[in-house]
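Novice: Turn this into a model:
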Amino acid sequence: MANSNPQLLVLDVGNTNTVLGVFQGATLCAQWRLTTSREQTADEYGILIHNLFNLDKLPGSGISGIMIASVVPPLNFVLAEMARKYFKIEPLFLGPGTRTGMAILCDNPQEVGADRIADAVAAYEKYGGPCIVVDFGTALTFDAISKKGEYLGGVIAPGIGIGAEALFERTAKLPRVEIREPEHVIGTNTVASIQAGLFYGAVGAVDGILDRLSAELGKQIKVIATGGQAALVAGASKYKPPVDSSLTLDGLRIIYERNQAAPRHK
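Specialist: Numbers count the residues shown, from 1 in each chain. Predicted coordinates:
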């Protein structure tokens, strides 16, 4: 019997976190953020995802499609095996040959991370162009989309978490600290000083890069923020970009739907 309420499972597999979402049509019914584990087996991922479904009272049998964006290649085989074994579905990975509906105007389009393409597709669909997506992930990335909906390229910088870990690992006396907005720019102790440096360093980097991108693309550009640290940093930026926590997942849904017009065979 055909499923009267088909649902789509999407996975955004990043270096630090994996974000999962379940869509029914264009509605995001559930969203979870997990630590990316390169050691987990297909069975462990399958059991974990089914447990998440049970907690949100979502039937695993309702999933009719699976779309994955991964920047961790060793996990691709594991996730594909999980999809086949636990959902009886051949997953669609966002990669070369996937129909995105967006021209990628880069020297080598295959170099662009799948998550960045998903961000760009969703940003143009939801906000129009020209626009810039700032993704606060393991890396701090900026993706530029033209008024005509072309992916122009972008900027990659170290993320705020990388900066925190580098200070801890490469210095003898500086501690690992919680990344948060400090009460004052001038820290009166070591922890507060590091927090001020990490936070305002990230804000300064975001505003400085956006200034230069705006000079190239025009001042009427829209800016959208997403990623794990977006809610922390975006509000302090002079650009005050809206935070869209489901942007990547929305992009995966849109791309999945565009690929249904082109039959895929197992």
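
Novice: Can you name every helix or strand that the one helix or strand Arg258 maps to contacts?
Specialist: Assessed by DSSP states H and E, Arg258 sits inside helix 247-259. Counting contacts by 3 or more C-beta pairs under 8 Å, 6 or more residues apart in numbering; DSSP states H and E, helix 247-259 is packed against strand 7-13, strand 17-24, strand 27-35, strand 63-70, helix 114-127, strand 222-226. Placement of C-beta: from N, CA and C, glycine included.

Novice: now the angle between helix 114-127 and the last one, please.
Specialist: Spelled out, that is strand 222-226. 130 degrees (axes from the mean of the first three to the mean of the last three C-alpha atoms, to 10 degrees).

Novice: Can I get the next helix-or-strand element following strand 222-226 in CSV? Just the C-alpha atoms.
Specialist: Next in sequence after strand 222-226, counting helices and strands by DSSP H and E, comes helix 230-233. Taking Å, rounded to 0.1, in the frame of the first residue of the first chain, the C-alpha atoms of helix 230-233 are listed here in CSV:
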residue,chain,number,x,y,z
ALA,A,230,25.1,31.4,14.3
ALA,A,231,22.8,32.2,17.1
LEU,A,232,25.8,33.2,19.3
VAL,A,233,27.7,35.4,16.9
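
Novice: What residues of helix 230-233 count as buried?
Specialist: By 16 or more other C-beta atoms under 10 Å, the buried positions in helix 230-233 come out as 230, 232-233.

Novice: Now flag whichever of those is closest to Val112.
Specialist: Val112 lies nearest to Ala230 out of those, by C-beta to C-beta, at 20.0 Å.

Novice: list the contacts for the closest one?
Specialist: By C-beta atoms under 8 Å, 6 or more residues apart in numbering, the residues touching Ala230 are 134-136, 243, 245.

Novice: What distance do you get for it to Asp107?
Specialist: For Ala230, the distance to Asp107 (C-beta to C-beta, to the nearest Å) stands at 28 Å.

Novice: What of Asn54?
Specialist: Distance, Asn54 to Asp107, by C-beta to C-beta: 46 Å.

Novice: which one of those two has more residues nearby?
Specialist: Taking other C-beta atoms under 10 Å, Asn54 and Asp107 do not tie; Asn54 has more neighbours (11 against 6).

Novice: Report the inter-axis angle for the helix holding Arg258 versus strand 222-226.
Specialist: Using the same axes, to 10 degrees: helix 247-259 against strand 222-226 is 100 degrees.

Novice: chain center to helix 247-259: distance?
Specialist: Computed by C-alpha atoms, centre = their mean, to the nearest Å, the chain-centroid distance of helix 247-259 equals 12 Å.

Novice: And stretch 32-47, by the same measure?
Specialist: That offset, for stretch 32-47, works out to 17 Å (C-alpha atoms, centre = their mean).
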